[in-house]
Every structure is written in structure tokens, then in C-alpha cells.
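Student: Provided below are the primary sequence and the corresponding predicted coordinates.
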Amino acid sequence: MDKLFTISYFISLTLLIRVTFLNRSKYRFLLKIITCSHYLGLGIFSVLIKDVPLLKYVLLIGLIFSFIGDIFLGLKDTIKIGFILGVSAFSIAQLYYLLYFQMNFFSIIPFILSLVFMFLFWIYVRNNPKIEFPSKAYFLFVYIFLLSSTFFSSIENLIYYHNELNLILMIGCILFFISDITLFHVYFLKEKVSILKIIYLLSYHVAQLLIATFIFL
């Protein structure tokens, strides 16, 4: 069963990457939903068949909102506010991921580091002539703050609770961070770089799978 799930996941992910470069949006949206259903299904399956600690339910809620975000971003060319709804859903997901870490071990350090990163990233965006960033999109820096807060919290969590499970979760959060920073460049670089789409898709879907695996284990 585990092998079948893994094979199915990476086949759908491979097809998703392939269709992305063929610019077939209808098939891409379908494959996106199928691929994302794997990590969401694993998370839900975990809480249904196992005695999962209540705190892990917070991560499951994060997976659910990530899935909702995937749907809205997939429909961004069809629904006028699809992009905003997608980013909002992912922001809520990050809040729940962050809540998990802060409930497990409260610390203000990740927030301080995130403010520094957000400021540096803002300077980078403003001074990089290769990036075309509209003023109306500055609300994305709220998401960048939440994303980086989760990123730094996952590292601190592993430092204080060092074990293989928390290592899996931290790697998932790091890949999530990489995927969204990469996606930022996919959206806003003036000259599109194809390899960035592959990096985004691989890192994002592996990240969500690792988070779901952490819930399962």
C-alpha cells in the first residue's frame, strides 16, 4: 500500500510537471488536484486510523487550507480574485503550521528573524531590476513573514526536540519555504526561467508530502 501510494504520487507529480510546460491549463488543474489529494488524503487517513496527538490536528488543518489554496491558485485565470483567495488560504495554512510549532515550544526568536528576512527580501525586490513587482502586490510580504516564521520555528523546534520525526517536519517546512520563494520569482521575474517552475513544483509537493508523513508517523 505504501509503495502504491508513493508510485501514484510521483507519477501524478511527473505528469503535472510535464503538462505545466505544455501549457494545457485544463489538464494541469486536474493533475494539480490529483497530486495534492495525495498529501491531503494521507493526512486525513492518518487521523482516521491512528491515535494521532491532538496537536497534529493543527497540521492537518494547515494541509486542508493548503489544498484550498491550490484550488484557488489553479483557478486564478478563471476567477478574478482567485490569486488573492489562494494566497489568503495559504496564509491561513501557514498560521496553523506556525501555531503547531509555537504551541509545542513558544519562542519569539523566529518572529524576529522573520522580520529581518522580510525587510531584506523587500530591499532585494525593490532593487532588483529583473523583478517586476506591482505595488498592489505588497500584501504578499505578510505571507512572506508567516512563511519565514514557520521556517525558522521548524529549525528551532528540531534544535530543542531533536529526533527523526522533527527532522522530517523541518525538511518539509524548509522545502515549503524554498518552493514559495521560488514561486515568487516564477510570478514576478521579467524573463521567465523554466527551471524555476520545476524547482517550485518538486519542492512544494515533496514538502507537503513530508508534513503529511509526519502526521502519519
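Tutor: Everything's here; your move.

Student: CA atoms for contacts and neighbours, from now on please.
Tutor: OK.

Student: residues touching I71, list them.
Tutor: By C-alpha atoms under 8 Å, 6 or more residues apart in numbering, I71 lies in contact with 33, 86.

Student: Which residues belonging to the host helix or strand of it are considered buried?
Tutor: Using DSSP states H and E, I71 maps to helix 54-74. Buried residues in helix 54-74, counting neighbours by 16 or more other C-alpha atoms under 10 Å, are found at 56-74.

Student: can you check stretch 187-198 too?
Tutor: 189, 196-198.

Student: same check, this time on stretch 70-87
Tutor: Going by 16+ other C-alpha under 10 Å, stretch 70-87 has these buried residues: 70-76, 82-87.

Student: Rebuild those residues as JSON lines, extending it with pLDDT and distance to Y161.
Tutor: Output for the buried residues of stretch 70-87, formatted as JSON lines (pLDDT from 0 to 100; distance: C-alpha to C-alpha, whole Å):
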{"residue": "D70", "pLDDT": "94", "distance to Y161": "31"}
{"residue": "I71", "pLDDT": "93", "distance to Y161": "34"}
{"residue": "F72", "pLDDT": "94", "distance to Y161": "35"}
{"residue": "L73", "pLDDT": "90", "distance to Y161": "35"}
{"residue": "G74", "pLDDT": "86", "distance to Y161": "37"}
{"residue": "L75", "pLDDT": "87", "distance to Y161": "39"}
{"residue": "K76", "pLDDT": "84", "distance to Y161": "40"}
{"residue": "G82", "pLDDT": "89", "distance to Y161": "38"}
{"residue": "F83", "pLDDT": "90", "distance to Y161": "36"}
{"residue": "I84", "pLDDT": "92", "distance to Y161": "36"}
{"residue": "L85", "pLDDT": "94", "distance to Y161": "35"}
{"residue": "G86", "pLDDT": "94", "distance to Y161": "32"}
{"residue": "V87", "pLDDT": "94", "distance to Y161": "31"}
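
Student: Return the member of these nearest to Y204.
Tutor: Among the buried residues of stretch 70-87, D70 lies closest to Y204 (C-alpha to C-alpha), at 10.8 Å.

Student: Do I have it right that that closest one meets G86?
Tutor: Yes - if you go by C-alpha atoms under 8 Å, D70 and G86 touch, sitting 6.6 Å apart.

Student: Over to V193: give its phi and psi.
Tutor: Main-chain dihedrals, V193, degrees, to the nearest 10: phi -120, psi 110.

Student: Likewise for I131?
Tutor: I131 has phi and psi values of phi -100, psi 130 when expressed as degrees, to the nearest 10.

Student: what's near enough to touch it?
Tutor: Contacts of I131 (C-alpha under 8 Å, 6+ apart): 125, 185, 188-190.

Student: And K50, how far from C36?
Tutor: Using C-alpha to C-alpha, to the nearest Å, K50 is found at 21 Å from C36.

Student: pLDDT below threshold where in the chain?
Tutor: 1, 23-25 (pLDDT under 70).

Student: tell me which element the spatially most central residue of the chain falls in.
Tutor: For the chain, the residue sitting closest to the mean C-alpha position, by C-alpha atoms, centre = their mean, is F176 at 4.2 Å. Here F176 is covered by helix 164-188, with elements defined by DSSP H and E.

Student: List the buried residues for the helix or strand Y204 falls within?
Tutor: In this assignment (DSSP H and E), Y204 forms part of helix 194-216. Neighbour-count burial for helix 194-216, counted by 16+ other C-alpha under 10 Å, picks out 196-198, 200-216.
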